[in-house]
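# Everything below, folded, please.
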Amino acid sequence: MNIHELPTPCYVIDEKKLKENLEILAGVRDRTECRILLAQKAFSCFYEYPRIADYLDGTTASGLYEARLGYEEMGEPFGLETHVFAPAFKAAEFEEIAGICDHVIFNSAAQLEKFLPICRKNGVGVGLRINPECSTQGDHAIYDPCAPGSRLGVTLENFPEHLAGELSGLHFHTLCEQNSDDLETTLAAVEEKFGKYLELPNIEWLNMGGGHHITRPDYDIARLERCILHIKETYGVQVYLEPGEAIALNAGYLVTEVMDIVKNGISTLVLDASAACHMPDVLEMPYRPPLKDSGKPGEKAYTYRLSSCTCLAGDVIGDYSFDHEIHVGDKLYFQDMAIYSMVKNNTFNGMALPAIAVMEEDGNCKVIREFGYEDFKGRLA
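Okay, the predicted model is just below:
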């Protein structure tokens, strides 16, 4: 079927664009001999893991469930790596985590000391997240792990000297949708504050985290590669990157149907897709998702407010304009909907979860998962 025949609402993964992104990432990996991991917090559609496994080195996780998914769907079947970081690990889960992960990264000295014996027993690589106290995100404190008072990462003042010999690597993650100039700035702070630890004979790797928008058209890949090679040549360590968005950037759509049109000072399209339920970043960041064949308010002949059929008054996606009048039954196509959509959606108000489809490289679409009442009920008791 083609994309216009899909049920709505429906996420659609564009496999041609996904492949293009993966080829860019594989080029960085091949030229620098770094290792690149899929950060599953942004994109966890494991249907595509066999494709991703052809280009990357494994997955990174934020806890047990993501670690299991990465291990079961990419790590074990393809012999690739499984990494995990969490601000804190539950004792009841840690034996399982240590049994399936190659590297476990801790957020504090206390957590490292608590679980170190289990890591030793399982032969797991042990890392510590550091905080270089170098903010590069302006006023976006909600996404800034280096903001004052941040709970994420150990500052130089609090670095556990007595545990330095137990580490196999260091990890930092300070970027969000940023270019490599911000990485370069951050690396200077990392070297200034933590360079002496990178020189320890037991340190085998440095993980530069995620937030690298490598597949964005204006991204400075040459600068990124210089940063990677500098670290490898200066300290003799392996370098890891763990992008999430870059892997599926602009590689997905959300198809929705116009259910009604309400007029009250502005014409509002009531959709069967929801910002609150199906693209939460619209309300959390906030974020105005691109919409196919649309413009800014007033730019084109017909301007509408796009909203949903939930009861939340603020469940508004934004104001968009079109060259032609919109009618009930029309379908709209939001773009860049592969990332932070399927992994963050919810069933507030009893809203149905969107189906998931893939668009193959020839344009043919097929539904790979549909959800129903039992998926809603199964989350409740």
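
# which regions of the chain sit below the pLDDT cut-off?
By pLDDT under 70, the low-scoring segments of the chain are 139-140.

# ok, now with 50
For the chain, no stretch has pLDDT under 50.

# Tell me where it has helices.
Residue ranges of the helices in the chain, as given by DSSP state H, are 15-32, 49-53, 64-70, 76-78, 91-100, 109-122, 180-198, 221-235, 245-248, 275-278, 281-284, 373-377.

# so which of those helices comes closest to Ala352?
When those are compared by CB to CB, helix 373-377 sits nearest Ala352, at 7.4 Å. Every C-beta, even on glycine, is put in place using the N, C-alpha and C of the backbone.

# Nearest the middle, which residue of the chain would you pick?
For the chain, the residue whose C-alpha lies nearest the mean C-alpha position (CA atoms, centre = their mean) is Ala42; its distance is 2.2 Å.

# neighbours of the closest residue to that residue other than its chain neighbours, just the number please.
Using CB to CB, 6 or more residues apart in numbering and skipping residues adjacent in sequence, the residue nearest Ala42 is Gly244, 2.7 Å away. The burial metric for Gly244, expressed as a neighbour count using other CB atoms under 10 Å, is 22.

# how close does Gly244 get to Ser307?
Between Gly244 and Ser307 the distance is 28 Å, computed by CB to CB, to the nearest Å.

# now Gln335
Taking CB to CB as the criterion, Gln335 is separated from Ser307 by 19 Å.

# Which of these two has more residues huddled nearby?
Per other CB under 10 Å, whichever of Gln335 and Ser307 has more neighbours is Ser307, with 22 against 16.

# The spatially closest residue to Met337 that is not a sequence neighbour: what's it in contact with?
Nearest-residue entry for Met337: Leu254, 4.0 Å, with adjacent residues in sequence omitted and distances by CB to CB, 6+ apart. By CB atoms under 8 Å, 6 or more residues apart in numbering, Leu254 lies in contact with 9-12, 273, 278-279, 289, 333-334, 337, 341, 354.

# May I ask which of these has the most neighbours?
Pro354 (29 neighbours).

# Which phi and psi values does the residue nearest to that one when sequence neighbours are not counted adopt?
Excluding the flanking residues, the one nearest Pro354 by CB to CB, 6+ apart is Pro9, at 3.9 Å. The main-chain torsion angles of Pro9 are listed as degrees, to the nearest 10 and equal phi -70, psi 160.

# Which two of the contacts of Leu254 have the greatest separation?
Set against one another by CB to CB, the contacts of Leu254 have their most distant pair in Cys10 and Pro289, with a gap of 15.1 Å.

# Just give the strands next to the longest strand along the chain in its sheet, each with its orientation.
Among the elements of the chain assigned as strand by DSSP state E, the one spanning the most residues is strand 252-263. Applying DSSP bridges, strand 252-263 is found paired with strand 10-14 (antiparallel), strand 267-271 (antiparallel), strand 331-335 (antiparallel).

# Select, out of those strands, the one closest to Glu199.
Among the strands paired with strand 252-263, the nearest to Glu199 by CB to CB is strand 10-14 (43.1 Å).

# any residues touching the closest one, and which ones?
Strand 10-14 is contacted by residues 3, 6, 45, 47-48, 248, 250-255, 337-338, 341-342, 354-359, 365, 367 when judged by CB under 8 Å, 6+ apart.

# okay, that strand in CSV with CA atoms only?
This file holds the C-alpha atoms of strand 10-14, laid out as CSV (Å, rounded to 0.1, in the frame of the first residue of the first chain):
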residue,chain,number,x,y,z
CYS,A,10,0.2,5.9,12.2
TYR,A,11,3.9,6.4,12.6
VAL,A,12,5.8,5.6,9.4
ILE,A,13,9.6,4.9,9.4
ASP,A,14,11.2,6.0,6.1
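
# now that strand and helix 15-32, what's the angle there?
What separates the directions of strand 10-14 and helix 15-32 is an angle of 50 degrees, with axes from the mean of the first three to the mean of the last three CA atoms, to 10 degrees.

# Compute the distance between the residue nearest to Tyr235 when sequence neighbours are not counted and Tyr304, please.
Taking CB to CB, 6+ apart as the measure, Tyr235 lies nearest to Leu198, with 4.4 Å between them; neighbours along the chain are not counted. With the distance defined as CB to CB, Leu198 ends up 54 Å from Tyr304.

# who has more neighbours, the two?
For Leu198 and Tyr304, the more surrounded residue by other CB under 10 Å is Tyr304, and the numbers stand at 21 against 18.

# I'd say the more buried one and Gly318 touch.
No. Counting by CB atoms under 8 Å, Tyr304 stays clear of Gly318, with 9.8 Å between them.

# quick one on the thing from earlier: the strands paired with strand 252-263: which one's closest to Thr347?
Among the strands paired with strand 252-263, strand 10-14 comes nearest to Thr347, with 14.9 Å by CB to CB.

# starting at the chain centroid, how far to that closest one?
Averaged C-alpha coordinates place strand 10-14 at 16 Å from its chain's average position (CA atoms, centre = their mean, to the nearest Å).

# now swap in stretch 359-373 and tell me
Here stretch 359-373 is found 21 Å from its chain centre; the criterion is CA atoms, centre = their mean.

# can you check stretch 305-319 too?
What separates the centre of stretch 305-319 from the centre of its chain is 25 Å, taken as CA atoms, centre = their mean.

# Which positions in it come out as buried?
Along stretch 305-319, these residues count as buried under the neighbour rule (16 or more other CB atoms under 10 Å): 305-308, 310, 315-319.
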